[in-house]
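A predicted structure for the sequence below; I have some questions about it.
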Amino acid sequence: MIIARTPLRICLGGGGTDVKEYYSKHGGYLISAAINQYIYIVIHKHFEKNIRLCYSQREIVQTSEEVRHPLVHEAMKMFNIKGGGIEIISFADIPSDTGLGTSSSFLVGLITVLAAYKKIELTRHEIAQMAVRIEREILKEAGGKQDQYIASFGGIQCLMFEKNGRVIPTPLNITNENVKTLEKSALIFYTNVRRNSPNVQTKLIEGIRKKQATLSSLHYIKQLGFRTEEVLCNGNIHEYGDLLDEHWEAKKKLSDKISNSKTNELYERAQKMGATGGKLIGAGGGGYLLLYCSTEKARANVRSMMKKESCEEMRYKFEFEGTKVLIDDTADEKYYSITK
């Protein structure tokens, strides 16, 4: 049995500039952080010569060509796994379609566990690149590159997206004290609204191609990514709340799919309770709402208000390991590890 664990993520600033339609012409930049909410992938050899998959659905097939799950199908093809006798199971701390990058974390974890199964050493860059290739190039799913890289590397990363497609992750130069302040002050609540990320991303891409206003908003959001890095590193960390408010106003201009009346109302009420800023995590449309509260009083007031609205808080810490193999008990075989 082999078990891999892969973190989910929150984008702290600059989100949206990682889509190809933008970075290929202008370059992208954002700050992303892995959190200690995970997806677990288990691969297990079994006696019967079929392939068993258990995710939100269950599949039992004879060959990998028959696998219906598109990510699993393409990943098994990439690793040249054709026959049966294996079972792949996934577990998640957080449901899909909530803005935390679950789909890409699932795929990064799957690549990690399949590489261990095949005894292939991969770098974190290679894992992320394989995930991007499957999602964006083979399956043509709308979206960017942030999720695959932060799931692979973990930590709080400054991600630069060059026009030629190269991605450069650099750990944020932030003190442990500021990390703790950020964890304490940046509260995350579930809005109880699931959303279709590809639809939101498709709308964004259409806007980049056709609307100057969308492009101008993304230029501004990219600059907010640079300013977020500066604020989080220079010790004036509570200024981050003001940047979040700017980010949210700019993000809402990207498309009419970003927000909704319920989210807008929650955000405005949180501000009255003392939150200095916030935004929906991920592409938008629903999922988790990030709210920055710099004082204990504001945090208590916002928590009380959100509880009354049945918006559950997600308690979290930042995660600095990235995707990893937790267990590999395959006997008398070469030890597997992810290289740097």
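Ah, there it is.

which SSE is Ile89 in?
Using DSSP states H and E, Ile89 maps to strand 86-92.

The stretch 151-300 of the chain: helices as residue ranges?
176-185, 197-210, 212-233, 240-252, 261-272, 296-308 (DSSP state H, counting those that start in this stretch).

For Arg166, find the nearest of those.
Closest of those to Arg166 is helix 212-233, at 16.6 Å (criterion: CB to CB). In short, each C-beta sits where N, CA and C put it, glycine included.

Can you name every helix or strand that that closest one contacts?
Contact analysis of helix 212-233 by 3 or more CB pairs under 8 Å, 6 or more residues apart in numbering; DSSP states H and E lists strand 2-13, helix 20-26, strand 28-45, helix 176-185, helix 197-210, helix 240-252 as its packing neighbours.

For that helix, buried residues please.
Neighbour-count burial for helix 212-233, with 16 or more other CB atoms under 10 Å as criterion, is recorded at 214-215, 217-218, 221-225, 227-229, 231-232.

Tell me the one of these nearest Gly282?
Ile221 (13.8 Å).

so where's the stretch 101-250 of the chain shaky on pLDDT?
Within the stretch 101-250 of the chain, the stretches with pLDDT under 70 are 195-200, 210.

Any figure for the gap between the nearest residue to Glu206 once chain neighbours are set aside and Met76?
Closest residue to Glu206 apart from its sequence neighbours, by CB to CB, 6 or more residues apart in numbering: Ser255 at 7.9 Å. Computed with CB to CB, to the nearest Å, the distance linking Ser255 and Met76 is 35 Å.

cool, Lys119 as well?
In terms of CB to CB, Lys119 sits 16 Å off from Met76.

Comparing these two, which residue is more hemmed in?
Met76 (22 against 12; other CB atoms under 10 Å).

Can you give me the domain boundaries for this structure?
For the chain, automatic domain parsing gives the domain ranges 2-173+319-328, 176-308.

Using CSV, please lay out the ones you listed together with distance to Ile338.
Formatted as CSV, the domains of the chain follow (distance: least, CB to CB, whole Å):
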stretch, distance to Ile338
domain 2-173+319-328, 6
domain 176-308, 23
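
picking that back up, out of the helices and strands packed on helix 212-233, which gets nearest to Ile60?
Using CB to CB, those put strand 28-45 closest to Ile60, at 14.0 Å.

what about that closest one, average pLDDT?
Strand 28-45 carries an average pLDDT of 97.
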